[in-house]
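Participant: how does the following fold in three dimensions:
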Amino acid sequence: MQPPGAIKLEPPEGAHGRIRIVRPRRLAVRCAVLGAGVALVLVIEAMTLAVAHAQGRVEARYTASIAGIPIGTGSLIVVIGEDRFTAAASGRVSGLLRALVGGEGSAAAHGVVSGGRLVPERFAVHLKADQSTDDVRIGFDAGIVKEVVAEPTLPPSTDRVPVTAADRDGVTDPMTAALMPVDATGDVFSPAACQRTLAIFDGRQRFDLALSFKRLERVEAQDGFQGSTLVCAITYRPISGHRPGRAAIQYLMEATDMEAWMVPVAGTRILAPFRITLPTPLGPALLEADQFVTMMESLDSTAADNKAKVR
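Facilitator: Sure, this is the predicted structure:
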């Protein structure tokens, strides 16, 4: 029998996923700053990733700030091979904010490379603030969500838009969505590279991020990449799992100054984020790379001599 307050997740029609019953945990009050801080700096501390026949790799460190005040640090590693990709991230609250609340997070995604596109198979994220934790795990099958575990579950609300089976079809996770493929021909910095809509499911909410070309900029990391970056404007469009009347939802829907600054991953036609900006009621939030080293690797990943750092 389904426990009170639990959520029954049915696999979409035609999928062969499992039906999961998710039971809510007893948790302390979740810190709102964690969502604005650690979720923004969901980037990784150093770790080693292995993908057979690696073609491109990114090793990056980021700093996050709100209104110019540092709130977090972290790093990112992405490895893109001929037929597989892996991305992993973690970060933590830092600076003055750490005196108010301790927070850290980690995330990982992996899947296949098909036709130059990244197709996720598994995604997981873990957030922790003081005694409160948040865990999401998603399994995909060719763009269809076949398994979801999200703890704690969202409290019942009559105004929350329900997530349907159709909403879990043709989607990707937030981490894979941040790695944008560019068509096999043409300039990776062309305005057309921005023109896309990312259909994202994060385990609780289904939303679109509509991207459009804004401009070209030049960036210089303290270590690593120096060169042009493609600046894409971002528009947030909630689909389901949200509460339309919430002020935060309205704020994001009306925001006109969200941007993603994208640079190419060496050896691929994939763009990765160098800088992300979005508005908050406290001032502009910024996630920017201090280090961004991208390397092209030969099919024999043990041949270190064939690595070329792109700066």
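
Participant: and the helices in the stretch 151-300 of the chain?
Facilitator: 174-177, 247-254 (DSSP state H, counting those that start in this stretch).

Participant: worst average pLDDT in those helices?
Facilitator: Lowest mean pLDDT within those: helix 247-254, at a mean of 93.

Participant: does anything pack onto that helix? Which helices or strands?
Facilitator: strand 226-240 (3 or more CB pairs under 8 Å, 6 or more residues apart in numbering; DSSP states H and E). Heads up, the C-betas are built off the backbone N, CA and C, glycines and all.

Participant: just the angle between the strand it packs on and helix 247-254, please?
Facilitator: 130 degrees (axes from the mean of the first three to the mean of the last three CA atoms, to 10 degrees).

Participant: show me what counts as buried in strand 226-240.
Facilitator: Thr229, Leu230, Val231, Cys232, Ala233, Ile234, Thr235, Tyr236, Pro238, Ile239, Ser240 (16 or more other CB atoms under 10 Å).

Participant: also stretch 116-133?
Facilitator: Per 16+ other CB under 10 Å, stretch 116-133 contains these buried residues: Leu118, Val119, Pro120, Glu121, Phe123, Ala124, Val125, Leu127, Lys128, Ala129, Ser132.

Participant: host element of the second one?
Facilitator: Here Val119 is covered by strand 117-129, with elements defined by DSSP states H and E.

Participant: what's the average pLDDT for the next helix or strand after that strand?
Facilitator: Downstream of strand 117-129, the first helix or strand assigned by DSSP H and E is strand 132-141. Strand 132-141 carries an average pLDDT of 96.

Participant: now do strand 132-141: which elements does it pack against?
Facilitator: Here strand 132-141 is seen to pack against strand 117-129, strand 144-151 when contacts are counted using 3+ CB pairs under 8 Å, 6+ apart.

Participant: all helices of the stretch 1-150 of the chain, in order?
Facilitator: Under DSSP H, counting those that start in this stretch, the stretch 1-150 of the chain gives helices at 32-36.

Participant: where along it do the strands fall?
Facilitator: Listed in chain order, the strands of the stretch 1-150 of the chain (DSSP state E, counting those that start in this stretch) span 7-9, 20-22, 54-66, 69-81, 84-93, 103-114, 117-129, 132-141, 144-151.

Participant: and of those strands, who's closest to Arg168?
Facilitator: strand 144-151 (3.7 Å; CB to CB).

Participant: Asn141 and Arg215: what is the separation?
Facilitator: Quick fix: residue 141 reads Asp, not Asn. Distance, Asp141 to Arg215, using CB to CB, to the nearest Å: 38 Å.

Participant: neighbour count: these two, which is higher?
Facilitator: Per other CB atoms under 10 Å, whichever of Asp141 and Arg215 has more neighbours is Asp141, with 16 against 12.

Participant: ends of stretch 93-105, what's the gap?
Facilitator: Criterion CA to CA, to the nearest Å; first-to-last residue distance in stretch 93-105 is 9 Å.

Participant: which residues of the stretch 201-311 of the chain score low on pLDDT?
Facilitator: Scanning the stretch 201-311 of the chain for pLDDT under 70 picks out the ranges 297-311.

Participant: let's go with 50 and repeat that
Facilitator: The stretch 201-311 of the chain contains residues with pLDDT under 50 at 300-311.

Participant: now do the strands in it.
Facilitator: Taking DSSP E, counting those that start in this stretch as the criterion, the stretch 201-311 of the chain contains strands spanning 206-220, 223-224, 226-240, 258-264, 270-278, 285-296, 308-310.

Participant: out of the ones you listed, flag the one nearest Val182.
Facilitator: Per CB to CB, nearest to Val182 of the strands of the stretch 201-311 of the chain: strand 270-278, 6.3 Å.

Participant: thank you, goodbye.
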